[in-house]
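Visitor: For reference, the sequence and a predicted model appear below.
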Amino acid sequence: MASNKIQFRSIHELKDQTLNAKLAAKEFQNEIPVDEFLGDAEKMNQSGTSRRDFLKLLGFSTAAVTLAACEAPVIKSIPYVVKPHNIIPGVPNYFASTYFNGSDFASVLVKTREGRPIKIEPNAIAGDLGKTSARAQASVLSLYDNDKIKQPKLDGKDDTFDSVDNYVLKGLNQATGGGKKIVVLSHSFPSPTFKKLFGDFKAKYPTAELVIYDALPNAAALDASEEVFGQRTLPVYDLSNTELVVSFNADFLEEYLAANLQSTYSKARKPGPNMLRHIQVESNLSLTGANSDTRIKLKPSDVYKTLVEVYNGLNGGTSNKQAAEIVKELQSKGSKAVVFADGSKAAVVLSYLINQKLGSVAFTGKANMLKEFDGARYQEFLSWLNNGQVGILITNNVNPIYSSSKSQSDAFKAAVAKAPFVISFSEKKDEMYQLATAVIPVAHWLESWGDIMPRTGAYSLMQPTIQKVYKPRQLEESLLVWINGKNSPLNNYYDYLKANATTLLGSVSFNKGLYGGFNEVEGGTGLSYSGGNAAQAIVELSNFKSSKLELVLYTKASIGDGAQGNNPWLQELPDGISRLSWDNYLTISPKDAKDLGLENELNGRMQLDGSVVDLTANGVKLENVPVFIQPGQADGSVGLALGYGKKFCGKAAETGINAYPLFDGSNLAISNVSISKKNDSYEFAGMQLQNTLMGRYEIAKEIPLETFLNVKFDDTTKDSEGSIKGWNVPLEYHTINGALPAGKIDLWDAFDDTDGPHFNLSVDLNACTGCGACVVACQAENNIPVVGKDEIRMSRDMYWIRIDRYYTAKEKIETKEAVDRGLDVPNLYDILIQPNDSPDVIFQPVMCQHCNHAPCETVCPVAATSHGKQGQNMMAYNRCIGTRYCANNCPYKVRRFNWFTYNLNDKFDYNMNNDLGRMVLNPDVVVRTRGVMEKCSMCIQQTQNVILEAKKANRIVADGEFHTACESACPTGAFTFGDMNDKSSKVRSLFNDDRKYILLEEIGTKPNVFYHTKIRNRKENNV
């Protein structure tokens, strides 16, 4: 069944029908901007080099190949004098641990090589708490951040722990003797052992107080929980058995209630009669909204009004048409429905009360304890500071000066100056570092012992996987020193943790609990409905003043609250929606942009330039904010991401605009916003503007659930309008012998690939949420370099996997002649089409397709790329001479060319340019050099290791043993990798699934990667 939708990658492709011609005109450019080329940067910057000359000089020169071979560095290995008993060179070790940085949580496995953590894997035994995000995957690189504080400081100078401890003990004794408060200001820290340790600290120093501060505190939800449940803990939801979710500005697939629900959401989204239906009412086009079946875009004030009307409709009636439709669906699903809301306390209260009314089975009764902020107590702490009641302030890796509203930031800075002793546990030389007299480098979670109780009945242990890289120290270790005195045998935090953890683990030994990392334990608080003032919540929502322009603050899946702002893997990771990297920006609707004279323009390289504005909200003015015109943004609303624009934290962190000065700590929606256009222009670095679809509009396929359930997928009969009924009809070629199935026609003789494994990768578009975890996991596993904003802007990203984002729009045919002629989409390319007012979105991961008839292999003049018997398209880097013929001949555009040497190159000052950063590199994968092509290898190093291990054990590899980095990291199970020659394998059963289709099957490349059609749970006339 032919789709009646147009798919497009950017709004510019849709509007500009000459885009293909522009691309073609740029195919053979005279200039090649490689300033290191042939060693004379100045000369090369001032002259042009034709493609022909380039190939003459490097491509076909035997001397060049010989020279390139001679450039390979010679590295001498030094053997162990005394080998550690648990380390075998070349064999990885895995340690169960817990990723927690005060904001994000995951129970994980840490892969180490020769004592170096190099990769983060999910911990399967932890279930949904063991799923990793892009931030969890990238956290290993933050361990090797060269901008970290490397040793203790006193009065701004390097010093020893002995001197710092003397200073702190002096302050503690003075504060205790003078009756002054001793305040430990920390991020949320749901560690039972830390809480016990602080109790011991308070016993030693009775005036000690623990105060919690979080950059993104979830204050609105915590306040709502206190009102409705009587506890300042957040509810845990499970969508596995839910059939309807309605979300009001809640981005629950990214960060909502200190968790994301991707894992259980994907389980409920499996196509079938009871498939979860998702309705999203929101202002910004979020990852969650992009995955919804029906999306209603409204500015924040109207979102709140609709939420109120839905509550009224469930408790009486409503005259609001949209709300009435939502109420009807909620009532039909009853307890199998759930409602989420975000943005303010009142909105969250109403969502809780609606779920109580529905008796929603998604509400588990368990408590999420990852957030502990209490606004009233924090304000009390500020009053202590201002009144001179604080004798010593100890901050634990928090920076309220950066992450508070402007008024609170100024007030905090002034108040801290009144404390006689200020000690900061800091990671970077940030604003808090500058205020403190004594500074202790904070230990990374991979260097630390600890435990976390993330929710009711769950207990996760943390263990160090590397010796401390420099001279950091955990807060817990310091508290022990300050309790027991220096050099006490009781100062070992491992012993303290073990003793306390044993009491929590019950019958499980500490070693066993540590080995698995994650444990189910008895006890813990649960939640039950006990209150909630709906009338007051409705009044508060009604008091949110509607204005011409309203702002929604949000977080990206890459940067989050900014805790890892100096992580170049996360900064370069493209945003799932905008596909821009290295920036945050003001998102605005096309209509509002036109009214305000704001523009996004494409330059000659098909990269985006945007208008710049000054933004004023809450009485605070942010200057020089770049503007991105976002299809799907609600008219009358703008969006801005938090977590950017950090100062004194490293080069990578300084990118973007700090939006925290606009955030009051609770409400994410702000009314009465104004913007003024400036004459400047801003250069964005985009990942998906340089290629067009060339008229192929069913690359990412989708159908309604009703069609999936009721229409035969391969029905070749025609309906009354002449369209084929089947929605996934097998491809046929028309030959002189009649129509033949695509699989029966071949240009080459096939070789026998049934001996041994033959790998295939399945990608389910229904499961992919666009979160980017697979992209970072692939980068970590395969030593993919960070190239920086300038190179991204030159369309020279090096990613081996990308997640293409497609918008869809209705086809609009202006002339009756076109209809009568039955012209297909390519022939209608010159006819004006209009984007949907709120376009659907599809996410499609694309990597090397490992074609059995690969176009790249036939054009390589030196056979650098070839096909392996196991189905992998392989690269021999030493043979590659950089002609780039393979990239030009690849229809999937998945090959990457090394324009530069990215490691040990000052022009790419990221992790590969210093000894510390290079510790993250995987020794099983070569670091590529300049002038070669590279691309996805289906993680051949992992598959070969599994085969060799099975061979040593004289056994057959079991299904589920083979993995790729993207498959392991995906929290939703969108990828399935395995052996097609194993008739019982999951990947083989998926290959025979009705939803399976091949990307660009008509080309005849016969890929070993296949996709599954996306299913939307809605009727098309309800869009």
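Guide: That came through fine.
Visitor: For the rest of this, base every contact and every neighbour count on C-alpha atoms.
Guide: OK.
Visitor: So for stretch 704-712, could I get the coordinates as CSV, restricted to C-alpha?
Guide: What follows is stretch 704-712, C-alpha atoms only, in CSV (Å, rounded to 0.1, in the frame of the first residue of the first chain):
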residue,chain,number,x,y,z
PRO,A,704,-1.6,2.8,11.2
LEU,A,705,-2.2,0.0,13.7
GLU,A,706,-5.7,-0.6,12.1
THR,A,707,-4.0,-1.5,8.8
PHE,A,708,-1.4,-3.7,10.5
LEU,A,709,-4.1,-5.7,12.2
ASN,A,710,-6.8,-5.9,9.5
VAL,A,711,-5.0,-5.8,6.1
LYS,A,712,-2.9,-8.6,4.8
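Visitor: Looking only at the one helix or strand residue 357 maps to, what residues are buried by neighbour count?
Guide: Residue 357 belongs to helix 345-358 when assigned by DSSP states H and E. Neighbour-count burial for helix 345-358, with 16 or more other C-alpha atoms under 10 Å as criterion, is recorded at 345-356, 358.
Visitor: what's in contact with it?
Guide: 219-221, 223-225, 227-228, 304, 307-308, 311, 314, 330-331, 334-335, 337-342, 363, 529, 532-534, 536-538, 540-541, 666-667 (C-alpha atoms under 8 Å, 6 or more residues apart in numbering).
Visitor: hmm, which of those residues are the buried ones?
Guide: Buried among the contacts of helix 345-358 by 16+ other C-alpha under 10 Å: 219-221, 223-225, 227-228, 304, 307-308, 311, 314, 330, 334-335, 337-342, 363, 532, 534, 537-538, 541, 666-667.
Visitor: taking the residues you listed one by one, which sit in strands?
Guide: Counting by DSSP state E, the part of those found in strands is 337-341, 363.
Visitor: which among these gets closest to residue 559?
Guide: Comparing these against residue 559 with C-alpha to C-alpha picks out residue 341 as the nearest, at 22.1 Å.
Visitor: Retrieve the pLDDT associated with the closest one.
Guide: Here the pLDDT value assigned to residue 341 is 94.
Visitor: same question, the one 5 residues further on
Guide: Note for residue 346: predicted pLDDT of 94.
Visitor: Where does pLDDT dip in this structure?
Guide: 1-85, 604-605, 689-697, 721-722, 809-837, 1020-1023 (pLDDT under 70).
Visitor: quick check: longest helix of it.
Guide: When the chain is parsed with DSSP state H, its longest helix is helix 161-177.
Visitor: Ignoring the adjacent residues along the chain, who's closest to residue 685?
Guide: Once flanking residues are discounted, residue 685 sits nearest to residue 793: 4.4 Å by C-alpha to C-alpha, 6 or more residues apart in numbering.
Visitor: That neighbour touches residue 688, doesn't it?
Guide: No - in this structure, residue 793 is not within contact of residue 688 by C-alpha atoms under 8 Å, at 10.6 Å.
Visitor: Three-state assignment for residue 380, please.
Guide: helix (DSSP: H, G, I helix; E, B strand; the rest coil).
Visitor: and it, how many neighbours?
Guide: Neighbour count of residue 380, defined by other C-alpha atoms under 10 Å: 12.
Visitor: need the strands for the stretch 801-950 of the chain, in chain order.
Guide: 801-810, 840-847, 865-867, 873-875, 896-897, 933-934 (DSSP state E, counting those that start in this stretch).
Visitor: number of nearby residues for residue 526?
Guide: Neighbour tally, residue 526, other C-alpha under 10 Å: 18.
Visitor: residues touching it, list them.
Guide: 365-367, 456.
Visitor: Excluding residues flanking it in the chain, which one is nearest it?
Guide: Closest to residue 526 by C-alpha to C-alpha, 6+ apart is residue 366, at 4.8 Å.
Visitor: Which two of the buried residues of helix 345-358 have the greatest separation?
Guide: Across those (C-alpha to C-alpha), the longest gap, 20.1 Å, separates 345 and 358.
Visitor: any idea which helix or strand carries the closest residue to residue 977 other than its chain neighbours?
Guide: Take residue 977 and drop its neighbours on the chain: the residue closest to it by C-alpha to C-alpha, 6+ apart is residue 761, 4.5 Å away. If you go by DSSP H and E, residue 761 is part of strand 759-764.
Visitor: after that strand comes which helix or strand?
Guide: Assignment by DSSP H and E places the next element after strand 759-764 at helix 773-781.
Visitor: any chance you could map the strands in the stretch 451-600 of the chain?
Guide: So, for the stretch 451-600 of the chain - with DSSP E, counting those that start in this stretch - the strands run 458-462, 518-520, 550-554, 580-581, 586-588, 600-602.
Visitor: tell me what the second one is packed against?
Guide: In terms of contacts (3 or more C-alpha pairs under 8 Å, 6 or more residues apart in numbering; DSSP states H and E), strand 518-520 is packed against strand 458-462.
Visitor: now swap in the third one and tell me
Guide: For strand 550-554, the packing partners by 3+ C-alpha pairs under 8 Å, 6+ apart come out as helix 300-314, strand 637-641, strand 669-670.
Visitor: Go again with 7 Å.
Guide: Secondary-structure packing of strand 550-554 (3 or more C-alpha pairs under 7 Å, 6 or more residues apart in numbering; DSSP states H and E): strand 637-641, strand 669-670.
Visitor: Out of those strands, which is closest to residue 572?
Guide: strand 637-641 (15.3 Å).
Visitor: Just want the angle from that closest one to strand 550-554.
Guide: 30 degrees (axes from the mean of the first three to the mean of the last three C-alpha atoms, to 10 degrees).
Visitor: What strands line up against strand 637-641, and which way round?
Guide: strand 550-554 (parallel), strand 586-588 (antiparallel) (DSSP bridges).
Visitor: Looking at the ones in strands among the buried ones among the contacts of helix 345-358, spot the one nearest residue 156.
Guide: Once C-alpha to C-alpha is applied, the member of these that ends up nearest residue 156 is residue 341, at 45.5 Å.
Visitor: Report the beta-bridge partners for that closest one.
Guide: With DSSP bridges as the rule, residue 341 is bridged to residue 248.
Visitor: residue contacts, it?
Guide: By C-alpha atoms under 7 Å, 6 or more residues apart in numbering, the contact set of residue 341 is 247-250, 347-348, 351.
Visitor: separation between residue 957 and residue 756?
Guide: Taking C-alpha to C-alpha, to the nearest Å as the measure, residue 957 falls 10 Å from residue 756.
Visitor: which of these two has more neighbours?
Guide: The neighbour count for residue 957 versus residue 756, taken as other C-alpha under 10 Å, is higher for residue 957 (18 against 14).
Visitor: Now do the buried residues in stretch 469-485.
Guide: 472-483, 485.
Visitor: name the element residue 112 belongs to?
Guide: Going by DSSP H and E, residue 112 is in strand 105-113.
Visitor: That strand pairs with which strands, parallel or anti?
Guide: strand 93-100 (antiparallel), strand 116-122 (antiparallel).
Visitor: Wasn't residue 391 part of a helix?
Guide: No - Residue 391: not assigned to a helix; according to three-state DSSP it is strand.
Visitor: Please name the residues that touch it.
Guide: 175, 180-182, 419-421.
Visitor: just these now: which is nearest residue 505?
Guide: Among those, and counting by C-alpha to C-alpha, the member closest to residue 505 is residue 182, at 32.2 Å.
Visitor: On the strand side of things, show who that closest one bridges to.
Guide: Going by DSSP bridges, residue 182 forms beta bridges with residue 208, residue 392.
Visitor: From residue 209, how far out is it?
Guide: 6 Å.
Visitor: Show me which of the two is the more surrounded one.
Guide: Per other C-alpha under 10 Å, whichever of residue 182 and residue 209 has more neighbours is residue 182, with 25 against 18.
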